[in-house]
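Novice: Dropping a prediction and its sequence here:
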Amino acid sequence: MTPTTLLDDLVFPEGPRWRDGALYFSDMHAGIVWRLTPQGAATKVLELPTLPSGLGWSPDGALHVVSMADRRLLRLTPQGPVTAADLSSVAAYVINDMVIDLQGRAYIGTFGCDLNKGETPRPTQLFCVYPNGDVKVAAEDILFPNGAVITPDGKTLIIAETFGNRLTAFDVLPDGALTHRRVFAQFDETTLPDGICLDQEGAVWVASASGNKIIRVKQGGEITDNIPLPERNSFACMLGGVDRRDLYICTARHYLPERTRELRSGRIEVMRVAVAGAGLP
């Protein structure tokens, strides 16, 4: 399997989601949310100078966007974006990726450090934003919470702990609280898990912000696929297409804003895989 480039000349693509026959993603450092067809036609959905990241849809079909710099969850309306929740009083650093469950609860991670200034990563929190805008801490001591998925039955949430080099799973209680924390897969130092997506066999495709690769891993840590990405890293991924067997990969040569804007090396790449996508997002 070798991915092909569907769209290039991006700054730093992140947060890909499949919805209504197209891929949505954030070109984070360019401040743009895009809609991309399988044929490669790209349309601007939203310009957001406060840095868009995680994307998701509430049960009523409204697109929600994480606004990183001002630490808000935005809801897109016909009149433009409005604040669905303000996390600035609970998150000391920028917020990042997100998954929204079928009840409309948004699980959002935060950096927990100033990564772009080279601060040492330290444990932080995963927040749950309820449909009424209430914000609660869903989990603590997460080492850079990043991409997250929810299983089709809605009972398990899996999140990438980037600087913990692992995927961590939780049971999701009926009220949205998370419990029964355990390691889904532990990696060595060559894998920094970033964005993730789930397939119908319960395995997870893991974008790696190091190692020039993207991998597929089973619960327990068995890596079934290791796709090389020469001279670039993967930062997020999504299974889409008519049969959800098209693996879309967000790649770039760097992650620091001053470098990404200079390089414009971001791409959306795609390849066919054997097992279709499942669950959320």
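Specialist: Received it, and whenever you're ready, just let me know what you need.

Novice: okay, now residue 182: neighbour count?
Specialist: Residue 182 is flanked by 9 other residues according to other Cβ atoms under 10 Å. All C-beta spots, glycine's among them, are computed from the backbone N, C-alpha and C.

Novice: how much space is there between it and residue 263?
Specialist: In this structure, residue 182 and residue 263 are separated by 38 Å, where distance is defined by Cβ to Cβ, to the nearest Å.

Novice: Report the contact partners of residue 125.
Specialist: Contact partners of residue 125, counting by Cβ atoms under 8 Å, 6 or more residues apart in numbering, are 90, 91, 109, 110, 112, 137, 138, 139, 140, 142, 145.

Novice: Next, the buried residues of the helix or strand bottoming out on mean pLDDT in the chain.
Specialist: Taking mean pLDDT, DSSP states H and E as the measure, the helices and strands of the chain show their lowest mean at helix 257-263, namely a mean of 91. For helix 257-263, the neighbour count (16 or more other Cβ atoms under 10 Å) marks residue 260 as buried.

Novice: Run through who's touching that helix.
Specialist: Residues lying outside helix 257-263 but in contact with it, judged by Cβ under 8 Å, 6+ apart, are 11, 12, 29, 30, 116, 252, 253, 254, 266.

Novice: Phi and psi next, for the fourth one.
Specialist: In terms of degrees, to the nearest 10, the main-chain angles of residue 30 are phi -90, psi -10.

Novice: Now it. Nearest residue, chain neighbours left out?
Specialist: The shortest distance from residue 30 to any residue that is not its chain neighbour, by Cβ to Cβ, 6 or more residues apart in numbering, is 4.1 Å, and that residue is residue 11.

Novice: how far away is that neighbour from residue 264?
Specialist: Residue 11 is 6 Å from residue 264, by Cβ to Cβ.

Novice: more crowded one of these two?
Specialist: The neighbour count for residue 11 versus residue 264, taken as other Cβ under 10 Å, is higher for residue 11 (19 against 16).
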